[in-house]
Each structure stands twice: as C-alpha cells, then as structure tokens.
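Novice: Predicted model and sequence below, questions to follow.
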Amino acid sequence: MPDAASRLKGHVEQLINAPLPVRVRAWDGSQAGPPDAPALVVRNRRALRHLLFKPGELGLARAWVAGDLTVEGDLYTVLDRLAGFVWERGEDARTLAQALRDPAFRSAARGLIVLAGLPLPPAPPREEARRPRRGLHTRHSDRRAVSHHYDVGNDFYEIVLGPSMVYSCAYWPAPPPRGTLEQAQHDKLGLVARKLALKPGQRLLDVGCGWGSLAVHAARDHGVNVVGVTLSHEQAAYARKHVADEGLTDRVEIRVQDYRDVTDGPYDAVSSIGMAEHVGSERYLEYATVLHRLLKPGGRLLNHQIARRPQRDETSYQVDPFIDAYVFPDGELAPLGTTVSLLERSGFEVRDVESIREHYALTLRRWVANLEADWARAVSLAGPGRARVWLLYMAASALAFERNRIGVNQVLAVRTPDSGASGMPLRSRVWGTPG
C-alpha cells in the first residue's frame with residue numbers, strides 16, 4: 001500500500017484535531033511529518049488494529065509491548081510530545097459519543113479501519129495481566145498482583161536497579177554525574193533510618209521489604225533487629241541470601257507474609273517504602289490501622305509513597321490502564337492529602353512530609369539507562385515483551401515526575417501516646433544531610 005505514513009498521519013490528525021508532533025514511519029517504508037523529529041515507527045498494520053479496538057493508552061501499550069510499534073530517536077522526546085494527546089487530555093477530552101457526531105472524526109476512523117486491514121482484534125500480549133476486577137486487595141489477589149510485578153527474575157532486576165537492589169526513589173545529593181545511583185540509594189536508606197531514629201536493640205518492621213536492602217542497612221549500620229515481609233517468593237529468597245552473606249541472620253528475619261498477618265508486635269519502628277501504592281483506596285484505612293497497632297506508643301512510621309494530583313471530581317479517578325494491565329495490577333495512587341488524612345484517622349500524628357519528586361525522575365532515568373545498556377541480556381532474561389514494558393513504564397514515569405503529574409512523599413508519623421510525648425526533637429530536620 002503506497003505512502004501509508006501520509007495517510008496514517010492525516011487520519012490521526014483528524015482524530016486528535018491537531019498536528020501530530022512526531023514523524024511517522026510506516027510498514028511500507030514511507031515517512032511523513034517533521035523530518036528532524038523522532039519517529040513513531042508503525043511496523044505493521046496490526047499496530048493499528050490494537051489502537052482501533054482499544055483506543056488510547058491501552059491500545060498504544062499493546063502495540064508497543066507486542067513489538068508492532070517502536071520509536072526511532074529519543075524515547076523521552078516522543079513520549080513528551082505525545083503526552084498531551086494520550087495521557088493529559090483528562091476531563092477536556094471529547095467522549096466517544098460526542099466525537100462520533102463529528103463527520104470528520106467518522107471519516108478519519110473509517111480511513112484507519114481501511115488502512116488497518118482485516119478488522120480482527122489482535123490478542124493482547126501475553127505480558128498483560130488478566131484477572132477479574134472483583135475481589136480487589138484480598139490476600140489472594142494481592143499475592144497474585146505482587147507476583148506479576150516482582151517475580152520477573154532477580155537477575156533482570158539486578159540489571160535495572162544496579163547493585164543496591166533498591167526499588168524505590170533514591171535520594172540524590174546532586175544530579176548525575178556528580179551523584180551516582182548507588183550513593184543516592186545508600187543516602188536514601190540512611191535518611192529513612194535517621195527519620196525513624198533507629199537505635200541498637202530496637203525492632204523494625206519493614207513492610208514490603210523488597211530484596212532486603214533496608215533490612216540489611218538497618219541491622220548492619222544501626223544495630224536494629226529487623227523483620228521484613230514481602231509477598232514475593234523470589235524477593236524473599238534473594239533477601240535471605242543477602243542477609244546471610246552479610247552475616248546478619250541473627251538480627252534479620254525475612255518472611256513471605258501479608259502485613260495484615262503480622263502478629264508479633266509491638267515494634268519500635270515501621271518502614272513502608274514504595275509498598276502502599278499496592279494497598280488500594282478501599283483498604284488504606286485498614287493498612288494504616290494495622291501499622292498503628294503494630295507500633296509501640298511513641299513508635300514511628302516512615303511511609304514512602306507515590307502520589308497523584310487531586311481531581312476536581314475524585315469519583316472520576318481511574319487507574320492508569322497501561323500500568324494496571326502490565327506493571328502494577330490493582331495498584332492505585334492517592335493524593336497526598338488523602339494519605340495524610342487516613343493516617344491521622346488511624347491514630348497517627350503526622351510530624352513531617354517531605355516531597356522528593358525530582359529525585360524519582362533522576363532515579364528512573366538512571367534505571368532506564370541501566371536497562372538500555374544491557375538490553376540484550378535483559379531481553380534474554382525476561383523476554384522482549386517484558387523488557388519493552390519496563391522501558392516504556394520507567395521512561396514515561398520519569399517524565400510524569402518531571403512534569404509534576406505525579407509526586408512521591410515521605411510521611412513521618414508517630415503513634416503518640418496519651419501523654420502527648422511524641423519523642424520528636426523540637427527541630428527535626430537534622431536528618432537532611434546524609435550521614
């Protein structure tokens with residue numbers, strides 16, 4: 001079919017009612033659009049069928065994960081230029097019913113159908129999570145969701161995360177190249193320990209302990225006894241070996257356990273680093289109440305959590321379809337104010353909130369660079385589809401943090417006793433300098 005790129009570009013511009021800000025290269029070798037712009041490469045007509053049967057972000061994601069849609073040039077630039085049409089239209093976007101009343105829209109849609117060929121819906125890539133939407137955030141559904149995300153293979157995560165094996169926002173003293181990922185992750189672990197005021201002999205519960213890096217840091221550098229819980233068997237196996245290699249088996253216990261099933265409190269401190277996004281809005285008060293109950297009076301919680309921006313109508317919030325299908329099944333983001341309110345309702349006194357949004361953008365760009373630098377090995381370990389999921393997810397997330405579409409916050413809270421003695425210093429921000 002001659003000059004598929006020009007036809008595709010024209011139809012898409014009719015649909016979005018705006019010029020397409022990237023170049024298009026189609027399966028027949030044709031190109032259209034700004035010659036100096038990065039290109040969206042439509043490798044075959046199946047990519048169009050993905051988009052026609054699932055318009056918007058999920059269709060794009062399916063085409064990308066299947067390898068039917070790629071990028072030629074800088075991925076960040078393409079994602080940034082397309083963000084306004086795919087991720088940011090929000091409440092200003094026309095509904096499908098409204099759009100179908102527009103003759104130009106109908107004409108463009110018909111043109112895309114002809115260009116796409118046989119109107120058969122392609123099967124979703126096998127990397128897409130398939131599960132019922134009922135019964136969210138039960139113990140069973142949470143185990144399944146965590147397994148989908150984390151049981152990709154520890155060797156794959158070592159490529160992405162680097163030697164620290166810390167899968168949460170680092171704390172950068174300076175932008176790269178002055179600061180390194182490993183130093184920034186070490187500084188983040190130290191920051192968490194100082195906010196919790198960890199002391200030798202105390203008990204720390206690390207909820208969602210990942211590969212054990214915080215547990216090892218707290219036990220080795222602060223003399224704390226740690227219980228780390230995770231729902232991932234692969235994470236637990238890695239963390240236990242890490243603990244054993246450090247000679248800390250007498251001070252660190254790693255369990256495959258739901259935080260709701262922890263009954264051996266009280267603890268002096270609780271850390272929850274990048275785990276609360278899995279909890280869900282319906283369960284968040286329960287989550288906060290469980291952690292409050294597990295703490296001693298005067299004990300501290302450090303809750304490190306990604307936040308979304310509040311909406312005018314919170315009932316219209318929907319989970320990001322790409323992330324829900326391919327990255328964090330059943331995950332939800334809440335506005336910071338909602339999180340703080342629910343922690344307070346559970347009995348906590350919130351003492352400090354620190355936004356580290358820009359730090360996460362730097363971290364994600366470093367993870368993307370790690371993945372791209374060892375791409376062939378990552379593909380051999382996780383498969384091409386899974387590797388493409390992670391590349392798209394991390395690059396898009398880096399831009400989302402940079403553009404203030406999402407943020408990340410460390411909330412320090414205390415189970416303040418009836419006496420009112422919180423145990424907090426009068427001027428608490430002494431933890432700002434890495435120690």
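Specialist: Looks like it came in fine. Numbering: from 1, shown residues only.

Novice: can you give me the helices in the stretch 251-400 of the chain?
Specialist: Applying DSSP state H, counting those that start in this stretch to the stretch 251-400 of the chain gives helices spanning 284-294, 321-322, 336-345, 357-373, 375-382, 384-402.

Novice: tilt between the longest one and helix 357-373?
Specialist: An angle of 150 degrees separates the directions of helix 384-402 and helix 357-373 when computed by axes from the mean of the first three to the mean of the last three C-alpha atoms, to 10 degrees.

Novice: Which SSE is immediately downstream of helix 384-402?
Specialist: strand 406-414 (DSSP states H and E).

Novice: Give the rounded mean pLDDT of that next one.
Specialist: The average pLDDT within strand 406-414 is 98.

Novice: and it, which strands flank it?
Specialist: Its sheet considered, strand 406-414 pairs with strand 295-308 (antiparallel), strand 349-355 (antiparallel) by DSSP bridges.

Novice: list the buried ones in the helix or strand where Leu191 lies?
Specialist: Element membership for Leu191 (DSSP H and E) is helix 181-195. Judged by neighbour count (16 or more other C-beta atoms under 10 Å), helix 181-195 contains these buried residues: 181, 183-195. Using the backbone N, CA and C atoms, a C-beta is placed for each residue, glycine as well.

Novice: can those residues go into a markdown table with extra columns for distance to Asp261 and pLDDT?
Specialist: As requested, those are exported to a markdown table (distance: C-beta to C-beta, whole Å; pLDDT from 0 to 100):
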| residue | distance to Asp261 | pLDDT |
| --- | --- | --- |
| Leu181 | 34 | 95 |
| Gln183 | 36 | 94 |
| Ala184 | 33 | 96 |
| Gln185 | 29 | 97 |
| His186 | 31 | 96 |
| Asp187 | 33 | 95 |
| Lys188 | 28 | 97 |
| Leu189 | 26 | 98 |
| Gly190 | 30 | 96 |
| Leu191 | 29 | 96 |
| Val192 | 24 | 97 |
| Ala193 | 26 | 97 |
| Arg194 | 29 | 96 |
| Lys195 | 26 | 96 |
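
Novice: Any chance of a markdown table for the residues you listed, columns distance to Leu343?
Specialist: Listed next are the buried residues of helix 181-195 as a markdown table, based on distance: C-beta to C-beta, whole Å:
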| residue | distance to Leu343 |
| --- | --- |
| Leu181 | 30 |
| Gln183 | 30 |
| Ala184 | 26 |
| Gln185 | 25 |
| His186 | 27 |
| Asp187 | 25 |
| Lys188 | 21 |
| Leu189 | 22 |
| Gly190 | 23 |
| Leu191 | 19 |
| Val192 | 17 |
| Ala193 | 20 |
| Arg194 | 20 |
| Lys195 | 15 |
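
Novice: any idea which of the residues you listed is the one closest to Gln202?
Specialist: Nearest to Gln202, judged by C-beta to C-beta, of the buried residues of helix 181-195 is Ala193 at 10.6 Å.

Novice: what about the helix or strand where His50 lies, average pLDDT?
Specialist: His50 is part of helix 46-53, with elements assigned from DSSP H and E. The average pLDDT within helix 46-53 is 92.

Novice: Going C-terminal from that helix, what's the next secondary structure element?
Specialist: Next along the chain from helix 46-53, counting by DSSP H and E, comes helix 57-65.

Novice: Give me the contacts around that next one.
Specialist: 46-47, 50-54, 69-70, 86-87, 122, 124-125, 127-128, 320-322, 325-326, 385, 388-389, 392 (C-beta atoms under 8 Å, 6 or more residues apart in numbering).

Novice: Among the residues you listed, name the buried ones.
Specialist: Buried among the contacts of helix 57-65 by 16+ other C-beta under 10 Å: 46-47, 50-54, 69-70, 86-87, 122, 124-125, 127-128, 320, 322, 325-326, 385, 388-389, 392.

Novice: and the helices of the stretch 251-400 of the chain as TSV, adding distance to Val114 and mean pLDDT?
Specialist: What follows is those, written out as TSV (distance: least, C-beta to C-beta, whole Å; pLDDT from 0 to 100):
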stretch	distance to Val114	mean pLDDT
helix 284-294	48	98
helix 321-322	26	90
helix 336-345	46	98
helix 357-373	37	97
helix 375-382	34	96
helix 384-402	28	96
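
Novice: can you list those in CSV and add distance to Arg101?
Specialist: Shown next, in CSV, are these (distance: least, C-beta to C-beta, whole Å):
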stretch, distance to Arg101
helix 284-294, 40
helix 321-322, 25
helix 336-345, 37
helix 357-373, 40
helix 375-382, 44
helix 384-402, 32
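
Novice: beta partners of the closest residue to Glu354 other than its chain neighbours?
Specialist: Sequence neighbours aside, Gln410 is the residue nearest to Glu354 in space, at 4.7 Å (criterion: C-beta to C-beta, 6 or more residues apart in numbering). The partner list for Gln410 in beta bridges (DSSP bridges) reads His304, Glu354.

Novice: Contacts only, for Gln410.
Specialist: Leu191, Val192, Lys195, Leu302, Asn303, His304, Asp352, Val353, Glu354, Ile356.
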